[in-house]
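What follows is a predicted structure for the sequence shown.
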Amino acid sequence: MFGFTGMVCCQMAMFKLQHDTEVAFEKSLEGIDPGVAVECRRKRQESQEKARLGSIAERRHQELCQAIRSTSFWRLGA
């Protein structure tokens, strides 16, 4: 039971950190030109999307490697 509670607390802390980061980013854009602010948001969104796609590719690669290692094909050295 403690493991589940700890996991929930960790996830809540991650969500709070993400929210605080978003608020700080938007607050930093308050005093600048609207066109520049839009460009900054677009670049940030592109960067986040690139990081998300990279993590998906890495996870799939790790799953594939694990699947290969778990087969007898890997153990035979073929």
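Right, received. Where do you want to start?

ok, which stretches of the chain are helices?
Counting by DSSP state H, one finds helices in the chain at the ranges 2-28, 34-69, 72-76.

rank these by pLDDT, which is bottom?
Comparing mean pLDDT over these, the weakest stretch is helix 72-76, at a mean of 61.

Look up how far Lys50 lies from His19.
Distance, His19 to Lys50, by Cβ to Cβ, to the nearest Å: 22 Å. Quick note: C-beta positions are derived from backbone N, CA and C, even for glycine.

Hmm, I typed the wrong one, I wanted Glu58.
13 Å.

okay, stretch 54-71 in CSV with CA atoms only?
Output of stretch 54-71 as CSV, limited to C-alpha atoms (Å, rounded to 0.1, in the frame of the first residue of the first chain):
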residue,chain,number,x,y,z
GLY,A,54,12.5,10.8,-29.0
SER,A,55,11.4,9.2,-25.7
ILE,A,56,8.8,7.1,-27.5
ALA,A,57,11.5,5.9,-30.0
GLU,A,58,13.9,5.1,-27.1
ARG,A,59,11.2,3.2,-25.2
ARG,A,60,10.3,1.1,-28.3
HIS,A,61,14.0,0.4,-28.9
GLN,A,62,14.4,-0.7,-25.3
GLU,A,63,11.4,-3.0,-25.6
LEU,A,64,12.7,-4.5,-28.9
CYS,A,65,16.1,-5.1,-27.3
GLN,A,66,14.5,-6.8,-24.3
ALA,A,67,12.4,-9.0,-26.6
ILE,A,68,15.5,-10.0,-28.5
ARG,A,69,17.4,-10.8,-25.4
SER,A,70,14.5,-13.0,-24.0
THR,A,71,14.6,-15.3,-27.0
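
neighbours around Cys40, how many?
For Cys40, the neighbour count with other Cβ atoms under 10 Å is 14.

do the same with Leu29
15.

Give me the neighbour count for the nearest residue to it once chain neighbours are set aside.
Spatial nearest neighbour of Leu29, excluding adjacent residues (Cβ to Cβ, 6 or more residues apart in numbering): Ala37 at 4.3 Å. For Ala37, the neighbour count with other Cβ under 10 Å is 15.
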